[in-house]
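A.B. asks: With the input below, show me the fold.
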Amino acid sequence: MMSKDLHNLSTPLDARSKLLRQKIVNVFKYSRRGHVGAAFSLVEILRVLYDEILHFDPKNPHWNKRDRCILSKGHGCLALYALLAEKGFFDPKEMERFCLFDGILGGHPEHRVPGVEASTGSLGHGLSLGLGMALGCRYDKSPGRTFVIVGDGECNEGSIWEAAMCAGKHKLEQLTVIVDYNKHQSYSTTLEVQDMEPFADKWSAFGFAAREVDGHDVVALKEVLNKVPLEPGKPTAIIAHTIKGKGVSFVENNLKWHHKNKVTDEEIRSLLKELEV
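C.D. replies: Modelled structure (predicted):
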């Protein structure tokens, strides 16, 4: 069962988390559009992965011993782009060309972008891709692990559970699924659209070692991710309880900010004001 503490998240953001969100907001000065809420709920998950967990080489993105990270909920890509730019996969100036004709960064990730493992955004596909990568690494005797980040609304898709069933069958301990459980979809709450509870129990029933964590608590995320695989012979599922739009009061749980178009200068100033360090 979900604990009360994880249901009512009030984790404060540190300076690094605010700065990463500022980088996301600065994109709007140029493109004026993007999935804000979905990106903000992901920041700490991606931050911990790229700062602490993943093995990668930005100068050699296809290094065969790397860990793979697939953002299956591709509409949250602004958070991924901010980390990839910071880590040196591409020139940070590309952030200024987000969704513009002369840029490489689209509104959903494409595998042509250095550091992006798979083109995603058509929801429900990323876990199957990650399953194949994890199996490939096993057969190649590669140490590389595969991490797939899915959305809670995305878990309405049957393809997610087909892939989960297959991962359990193959005892893929090289595979970790992280659910960004922000409890909102594009037009309503997950509770109203399709209640997923008991969520962790569902993953356990498919053969995963499942844990729940505050998805904005950097220390808690580090602790659980440093322990994967959580059980030998099992894939891992981490249910990260998050807040859609975390960090800005008027964006949090506000479906008007699921995807925002024609972001104004005043809105940008208001966003940055709440993210001051």
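A.B. asks: would you list every one of the strands in the stretch 151-277 of the chain?
C.D. replies: Listed in chain order, the strands found in the stretch 151-277 of the chain under DSSP state E, counting those that start in this stretch are 175-181, 209-214, 236-241, 260-261.
A.B. asks: comparing those strands, which gets the lowest mean pLDDT score?
C.D. replies: Ranked by mean pLDDT, the strands of the stretch 151-277 of the chain end with strand 260-261 in last place, scoring a mean of 91.
A.B. asks: that older thread, which one of the strands of the stretch 151-277 of the chain lies nearest to Leu271?
C.D. replies: Proximity to Leu271, assessed across the strands of the stretch 151-277 of the chain by CB to CB, is greatest for strand 260-261 (9.9 Å). Where you see a C-beta, it was placed from the backbone N, CA and C, and this is true even at glycine.
A.B. asks: So which elements touch that closest one?
C.D. replies: Applying 3 or more CB pairs under 8 Å, 6 or more residues apart in numbering; DSSP states H and E, we find strand 260-261 packed against strand 33-34.
A.B. asks: Paired strands for the strand it packs on, with orientation please.
C.D. replies: strand 260-261 (antiparallel) (DSSP bridges).
A.B. asks: Tell me the gap between the strand it pairs with and the middle of its chain.
C.D. replies: Going by CA atoms, centre = their mean, to the nearest Å, the spacing between the C-alpha centre of strand 260-261 and its chain's C-alpha centre is 20 Å.
A.B. asks: Return the most buried member of the strands of the stretch 151-277 of the chain.
C.D. replies: Comparing these on average neighbours per residue, with mean count of other CB atoms under 10 Å, the densest one is strand 175-181 at a mean of 28.
A.B. asks: which residues touch it?
C.D. replies: Identification of contacts with strand 175-181 by CB atoms under 8 Å, 6 or more residues apart in numbering yields 38, 41-42, 45, 73, 76, 127, 130-131, 134, 145-152, 155, 164, 167, 196, 199, 203, 208, 215, 225, 228-229, 235-242.
A.B. asks: Could you save the strands of the stretch 151-277 of the chain as JSON lines and add columns showing distance to Ser249?
C.D. replies: Formatted as JSON lines, the entries for these read as follows, by distance: least, CB to CB, whole Å:
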{"stretch": "strand 175-181", "distance to Ser249": "20"}
{"stretch": "strand 209-214", "distance to Ser249": "19"}
{"stretch": "strand 236-241", "distance to Ser249": "19"}
{"stretch": "strand 260-261", "distance to Ser249": "15"}
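A.B. asks: Looking at those strands, which is nearest to Ser270?
C.D. replies: For Ser270, the closest of these is strand 260-261, at 12.2 Å, according to CB to CB.
A.B. asks: ok, for Gly151, nearest residue in space, not its chain neighbours?
C.D. replies: With CB to CB, 6 or more residues apart in numbering as the measure, Lys73 is the residue that lies nearest to Gly151, at 3.6 Å, once sequence neighbours are left out.
A.B. asks: How about the contacts made by Glu192?
C.D. replies: Glu192 sits next to no residue when contact means CB under 8 Å, 6+ apart.
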